[in-house]
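> Fold the following and give me the result.
(one chain, ligands or ions: 2)
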Amino acid sequence: MSPYIIAPSILAADFARLGEDTARAIDAGADMVHFDVMDHHYVPNLSFGSMVCKALRDYGITVPIDTHLMTTPVDDLICNFAKAGSTYISFHPEATHHPDRSIQLIRDCGCKPGIVLNPATPIDWLSYIIDKVDMILVMSVNPGFGGQSLIPSTYDKIREIRQIIDKSGQQIRLEVDGGITEHNIGSLAEAGADTFVSGSAIFNSDDYSATIKKMRQELADIK
Ligand code: DX5
Ligand code: ZN
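Numbers count the residues shown, from 1 in each chain. Ligands and ions are numbered 1, 2, ... in the order given. Have a look, this model is predicted:
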């Protein structure tokens, strides 16, 4: 089984046919749904909430749902998303007063906690929580919008975090989010990422299956 996960961001899906379009991406070979929650407060955009997450579960989406909270505060939303069917719940540590408490809350609600680092957020945030998270999500764009270009400093950050994860000996996924295409997924994997969020590159393509297949071919060449 591939160690890599491809997670389409449904921010770029057809909102008028969300269940159908999400199912199409999964049928095309995606592993996980990336669910971008924007509150027009922490980020300058507004997307969707836990009712939409539940609607996808009710529609029949069974793959893991990777909820990315771009909200402040964070804690009030955690249990709603857990009840709605989220698998992972990730948040931005500077968006909550007590990141350690938010991690614990996610765990207590039965989900897998993730911590998200923006392009300008230092890796130091990981120091005292690395043993408590199941995922580290590196933003390769500033959060708030799909369709942006990947910021090149992401590669060094991924390399550094990969070393930290390996040294920790923990099972932690290293996810990257923003501007990912079949052209850069291979080099991101080489840098150490194992989980890839991709919105526009998948949903704006004519053939989701062909796009995901190209991504997998790039990943297959990594040693
Ligand atoms: C940005 C979101 C991303 C974004 C990815 O705030 O967290 O998940 O939708 O979309 P693309 O792949 O279009 O950059
Ligand atoms: Zn995201």
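
> Please make it C-alpha for all contacts and neighbour counts, starting now.
Noted.

> quick one, what contacts residue 194?
Applying Cα atoms under 8 Å, 6 or more residues apart in numbering, we find residue 194 in contact with 3-5, 173-175.

> again, 6 Å this time
4, 174 (Cα atoms under 6 Å, 6 or more residues apart in numbering).

> what pLDDT does it get?
According to the prediction, residue 194 has pLDDT 98.

> Equivalent analysis for residue 21, please.
Per-residue pLDDT puts residue 21 at 98.

> Any idea how many residues pack against residue 62?
14 (other Cα atoms under 10 Å).

> For ligand 1, see how far away it is.
Separation of residue 62 from ligand 1 (Cα to the nearest ligand atom, to the nearest Å): 20 Å.

> what do you get for residue 189?
16 Å.

> How about residue 97?
Residue 97 is 21 Å from ligand 1, by Cα to the nearest ligand atom.

> That residue: neighbouring residues, count only.
The burial count for residue 97: 13, using other Cα under 10 Å.

> What strand or helix carries it?
Residue 97 belongs to no helix or strand when assigned by DSSP states H and E.

> How about residue 201?
Counting by DSSP H and E, residue 201 is part of helix 200-203.

> can you list contacts of that helix?
12-13, 147, 181, 208.

> Check the offset of stretch 175-192 from the chain's centre.
The chain centroid and the centroid of stretch 175-192 are separated by 13 Å under Cα atoms, centre = their mean, to the nearest Å.

> ignore the last one, stretch 29-45
Taking mean C-alpha positions (Cα atoms, centre = their mean), stretch 29-45 and its chain are 8 Å apart.

> list the buried ones in that stretch?
29-39, 42-43 (16 or more other Cα atoms under 10 Å).

> Could you list which of these also contact ligand 1?
Among the buried residues of stretch 29-45, the residues within reach of ligand 1 (Cα under 6 Å from any ligand atom) are residue 36.

> Residue 66 pairs with what?
residue 34, residue 88 (DSSP bridges).

> show me what contacts it?
By Cα under 6 Å, 6+ apart, the contact list for residue 66 reads 33-35, 87-88.

> ok, residue 138 - contacts?
Residue 138 touches 116-117, 176, counting by Cα under 6 Å, 6+ apart.

> Could you do residue 111 as well?
Contact partners of residue 111, counting by Cα under 6 Å, 6+ apart, are 87-88.

> How about residue 63, nearest residue that isn't a chain neighbour?
Distances taken as Cα to Cα, 6 or more residues apart in numbering place residue 32 nearest to residue 63, at 5.5 Å, with adjacent residues excluded.

> Looking at the one you found now. What's its pLDDT?
In this model, residue 32 is scored at 98, pLDDT.

> Pretty sure it sits against residue 9.
No - assessed by Cα atoms under 6 Å, residue 32 is found out of contact with residue 9, at 9.2 Å.

> related to what we said a few turns ago, residue 191: which of the contacts of residue 66 is nearest?
residue 34 (21.3 Å; Cα to Cα).

> May I have the residues that are in contact with the closest one?
7-9, 66.

> Present those as CSV; the columns should include distance to residue 220 and pLDDT.
Formatted as CSV, those follow (distance: Cα to Cα, whole Å; pLDDT from 0 to 100):
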residue, distance to residue 220, pLDDT
7, 17, 99
8, 19, 98
9, 22, 99
66, 23, 99
